[in-house]
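Trainee: One predicted model, sequence on top.
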Amino acid sequence: MRKQFFRLYAFIIFSVIAALIAFGQIYQNYLFEQSPSIALPISQWPALIEDKSNTMAVLERQELALPPSLEQHLNTNKMLTVSQEEGNFVYLLSDDASSNKVYRIGPITVAPPQEEHSIYFLLAYSAIALLVMSFIWPVFKDLARLKRAARRFAKEKKAFKTNVKPSSTVYPLAQTLSDMSERISKFIQLHEDLSRIISHEIRTPLSRMRFILSLHNDIDDELEQTIHRNIDEIENRLCQYLDFARVEYLTKPLELKGIDAHQFISLEASKNQVFTDVTIETQVAVRQLFCEPASFSVLVQNLLFNGVKYAQNKVVLTLTADGDNQILEVFDDGPGLPNDADSLLDPFSSSKESAVASGYGLGLYIVDRICLWHGGHLTLNNHSQTGGAHITVVWPKTN
């Protein structure tokens with residue numbers, strides 16, 4: 001904000017000074033017509049009058065032998081000052097246009113030009129600069145407060161009150177931002193409360209349903225499996241929604257730390273392997289994985305869940321390093337991603353080209369958000385050999 005202040009301040013000052021100088025030049029050259037004149041010291045006037053026979057003379061025009069440039073100057077200004085060995089001489093043309101007479105005065109001593117009062121101009125420009133600063137500095141000071149408050153809100157998601165006085169120019173903006181922060185903070189709190197309520201109120205009846213199914217042995221096997229699949233689908237959707245709620249309103253910055261890569265990847269793969277016949281193959285080429293474990297676990301789970309859901313036989317997860325970057329890749333042998341796969345990164349969206357990929361939307365959005373928090377980027381492609389989805393996550397080892 002300080003840089004913007006000095007840029008605007010310098011622009012205003014230079015603009016005002018340039019306008020004043022330009023106006024002065026226009027006034028002097030075009031609006032104010034000043035007759036040609038010379039300055040004579042007062043002490044010379046008595047001598048000129050007493051010795052006028054020697055100091056004043058009337059000449060004929062043809063008696064002057066002037067260069068063309070001086071001749072032109074005399075015709076234009078009706079006056080010409082010439083410095084000779086005897087002193088300075090002033091030649092004046094007669095006011096009668098038909099007369100060829102030229103009046104000569106001299107030798108005389110021409111008074112030196114008056115010194116320009118530059119100090120007064122400096123003081124005037126300084127006063128303008130102080131006046132401009134007194135006007136714009138409080139505005140930028142208040143804007144800097146708003147900027148700091150907005151940055152704190154971006155990190156903490158807590159409502160803030162600005163210390164901007166009601167007399168400030170930006171007070172309406174400060175009040176609007178303060179009200180907005182309070183509303184957003186309440187909305188985030190409501191969203192978190194709603195997520196906890198959903199987690200409890202939906203998972204409780206699902207647990208009852210599983211318990212009831214375990215007590216009844218007379219239910220048809222196919223019907224039981226269908227009910228179990230639907231319960232699993234509801235739980236998976238619920239987990240995805242809760243993950244979405246957590247990643248959408250992250251209030252604390254992530255801190256990456258090194259963990260055992262083989263242990264972490266094996267644990268996450270085993271969580272998905274229990275519920276599927278699809279083979280999950282892991283290839284870990286690094287010893288340490290630098291990430292925020294809780295959120296990165298959600299990322300890996302979503303990628304593996306999508307892979308297992310659409311794969312025919314196998315899902316492959318690889319973890320490698322390239323310089324200061326880490327690379328996580330997950331690909332399968334399923335139908336692959338549609339051409340408009342990037343649209344699946346939007347929450348609650350589905351592909352318009354493929355009904356098969358409609359379930360990727362929320363999971364990939366969560367993956368993309370967590371990837372961004374880690375300072376990385378997400379790439380969606382189809383694998384060149386298997387033809388299935390090929391998702392790549394690249395992020396740095398440090399924050």
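Mentor: Sure thing, it's come through. Residues are numbered from 1 along each chain as shown.

Trainee: where exactly do the strands run in this protein?
Mentor: 56-60, 79-83, 88-93, 101-108, 257-260, 279-284, 288-291, 314-322, 325-332, 377-382, 389-396 (DSSP state E).

Trainee: so where's the stretch 51-200 of the chain uncertain?
Mentor: Confidence mapping of the stretch 51-200 of the chain against pLDDT under 70 gives the ranges 51, 97, 110-118, 195-196, 198-200.

Trainee: rewinding a little: just tell me which of the strands of the chain ends up closest to Asn339.
Mentor: Of all these, strand 377-382 sits nearest to Asn339, with 9.8 Å by CB to CB. No exception for glycine: its C-beta is placed from N, CA and C like everyone else's.

Trainee: in the closest one, what counts as buried?
Mentor: Within strand 377-382, the residues that qualify as buried are Leu378, Leu380, Asn382, counting by 16 or more other CB atoms under 10 Å.

Trainee: check contacts around the last one.
Mentor: Applying CB atoms under 8 Å, 6 or more residues apart in numbering, we find Asn382 in contact with Gly336, Leu337, Gly388, Ala389, His390.

Trainee: Quick check: bridge partners of it?
Mentor: With DSSP bridges as the criterion, Asn382 is bridged to Ala389.

Trainee: Would you mind measuring from it to His390?
Mentor: The spacing between Asn382 and His390, counted by CB to CB, to the nearest Å, is 6 Å.

Trainee: Equivalent analysis for the second one, please.
Mentor: Leu380 sits 8 Å away from His390 when distances are taken as CB to CB.

Trainee: ditto for Glu182
Mentor: 45 Å.

Trainee: Please say which of these two ends up with more neighbours.
Mentor: His390 (20 against 14; other CB atoms under 10 Å).

Trainee: Go ahead and confirm that one touches Gly334.
Mentor: No - the pair His390 / Gly334 is not scored as a contact, 10.6 Å apart, by CB atoms under 8 Å.

Trainee: so what sits against both of these two?
Mentor: With CB under 8 Å, 6+ apart, His390 and Gly334 have no common neighbours.

Trainee: follow-up on the earlier one: could you export the contacts of Asn382 as a markdown table, including distance to Val367 and pLDDT?
Mentor: Output for those, formatted as a markdown table (distance: CB to CB, whole Å; pLDDT from 0 to 100):
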| residue | distance to Val367 | pLDDT |
| --- | --- | --- |
| Gly336 | 17 | 87 |
| Leu337 | 13 | 86 |
| Gly388 | 16 | 92 |
| Ala389 | 12 | 92 |
| His390 | 14 | 94 |
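
Trainee: give me the number of residues near Ile391?
Mentor: 23.

Trainee: Kindly report the same for Ile13.
Mentor: Other residues close to Ile13 by other CB under 10 Å number 15.

Trainee: residues touching it, list them.
Mentor: By CB under 8 Å, 6+ apart, the neighbours of Ile13 are Tyr125, Ile128, Ala129, Val132.

Trainee: Look up how far Thr169 lies from it.
Mentor: 20 Å.

Trainee: Equivalent analysis for Leu194, please.
Mentor: Distance from Leu194 to Thr169, by CB to CB: 40 Å.

Trainee: okay, how far is it across stretch 369-382, tip to tip?
Mentor: 21 Å (CA to CA, to the nearest Å).

Trainee: shouldn't Leu238 be in contact with Ile202?
Mentor: Yes - counting by CB under 8 Å, Leu238 touches Ile202, with 5.6 Å between them.

Trainee: Just to confirm, which residue in this protein is farthest away from the center?
Mentor: Ser53 (81.5 Å; CA atoms, centre = their mean).

Trainee: Could you tell me which residues make contact with that one?
Mentor: By CB under 8 Å, 6+ apart, no residues touch Ser53.

Trainee: That one and Arg61, how far apart?
Mentor: 22 Å.

Trainee: Could you do Ala174 as well?
Mentor: On the measure of CB to CB, Ala174 and Arg61 end up 79 Å apart.

Trainee: Between those two, tell me which one has more neighbours.
Mentor: The neighbour comparison of Ala174 against Arg61 (other CB under 10 Å) goes to Ala174, with 22 against 14.

Trainee: any idea how far Val16 is from Phe23?
Mentor: Taken as CB to CB, the span from Val16 to Phe23 is 11 Å.

Trainee: Look at the two and report which has more neighbours.
Mentor: Legend: neighbour count by other CB under 10 Å for Val16 and Phe23, higher for Val16 (15 against 11).

Trainee: Distance-wise, check that one relative to Ala127.
Mentor: 11 Å.

Trainee: swap in Ser167?
Mentor: Ser167 is 24 Å from Ala127, by CB to CB.

Trainee: neighbour count winner among the two?
Mentor: Ranked by neighbour count (other CB under 10 Å), Ser167 and Ala127 place Ala127 first, with 10 against 7.

Trainee: any idea how far the more buried one lies from Leu317?
Mentor: In terms of CB to CB, Ala127 sits 71 Å off from Leu317.

Trainee: Likewise for Met180?
Mentor: 42 Å.

Trainee: These two: which is more packed in?
Mentor: Leu317 (22 against 13).

Trainee: and the residue lying closest to Leu289 once chain neighbours are set aside, how far is that from Leu372?
Mentor: Spatial nearest neighbour of Leu289, excluding adjacent residues (CB to CB, 6 or more residues apart in numbering): Ala261 at 3.9 Å. From Ala261 across to Leu372, the span is 21 Å (CB to CB).

Trainee: what about those two, which has more around it?
Mentor: Ala261 (20 against 13).

Trainee: which residues sit in contact with the more buried one?
Mentor: So Ala261 contacts Val284, Val286, Arg287, Gln288, Leu289, Leu319 (CB under 8 Å, 6+ apart).

Trainee: neighbour-wise, which of those leads?
Mentor: Of the contacts of Ala261, with other CB under 10 Å as the count, Leu289 tops at 24 neighbours.

Trainee: Sketch out the low-pLDDT regions of the stretch 251-399 of the chain for me.
Mentor: Ranges of the stretch 251-399 of the chain meeting pLDDT under 70: 251-254, 347-362, 399.
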